[in-house]
Each structure stands twice: as C-alpha cells, then as structure tokens.
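**Q** With the input below, show me the fold.
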Amino acid sequence: MKDKPHILLVDDDPFLLQLMSLVFEQAGYRVDSAADGSAARDHVEQQPYDLIILDMQMPVMDGLGFLNWLRVEHKSQIPVCVLTAENRDRIEDRIRQAGADWVGFKPIDTQVLLDQAHQILAN
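**A** Coordinates of the predicted model:
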C-alpha cells in the first residue's frame, strides 16, 4: 500500500490553514502547516514533501521569497500550488516564472484546490 501523500500548507491565516488541513486530511493526505515562508523553509529542510500549497502574502518571508529559495537555493522540484488574493494580471506571470506549478486565486473553492492537488500528484 502506498503511503499517503505528504503536503505542506503555508498561509498566515490560521482559519484558512485549519480549514485546508481538515479538507486534505479527510481526503487522505498527511498534512503539516506553516504560518510563513521562513517556517516553511524549516519544514522542507527537515523532511520531504510531495506537494506544497503556498500563500503569497505573508509576514517574515512571503511566498515569492520562499519559492525563490525552494527553486534556486534548495534546488527542489517539489510541486507548488500558489494561492493569492492579488490581481491576476499583476502577479500570475511572476509566480509562474518563479517556479509555481499552478496558481489559484482567493477566494478559492476547496474542492478545486483538492482536485488540482490530486492532478499534480498523479503526474
């Protein structure tokens, strides 16, 4: 039997982290969470993940800072789904160029996010 996929949720909104954790745990995922990019970096340095779901606007280290660290310094190819409340026209290209595998815009239906995670992990 294959292990459950292990994901890292990164968002500074504790309510959203709790909601997403519940959704993914009920779908059979192992879930860790972090409130900012710096805490997420610590998680990634300590254990492997199958997927990261990353907010853009956070204190300490924002999503782009974390994504840059992940791709350039850590040289990781862990798939990353980015969530942002920013205007699509302003940020989507920058996020994709930084190495995101998928970009979703808040507010987002949790089923859409879950479906996207399933699709990314299936490939």
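
**Q** Who is the closest residue to Asp11 other than its chain neighbours paired with across the strands?
**A** With CB to CB, 6 or more residues apart in numbering as the criterion, Asp11 has its nearest non-adjacent residue at 4.0 Å, and that residue is Asp55. For the C-beta atoms, the positions are set from N, CA and C on the backbone; glycine is no exception. Judged by DSSP bridges, the bridge partners of Asp55 are Leu83.

**Q** Compute the distance between Asp55 and Asp93, please.
**A** Asp55 sits 18 Å away from Asp93, going by CB to CB, to the nearest Å.

**Q** And the two? Which one has more around it.
**A** Taking neighbours as other CB atoms under 10 Å, Asp55 and Asp93 compare with Asp55 leading, 25 against 11.

**Q** shouldn't that one be in contact with Leu8?
**A** No. Between Asp55 and Leu8 there is no contact under CB atoms under 8 Å: 11.7 Å.

**Q** Which stretches in this protein count as helices?
**A** 14-26, 37-46, 63-68, 88-98, 110-122 (DSSP state H).

**Q** Much appreciated, bye for now.
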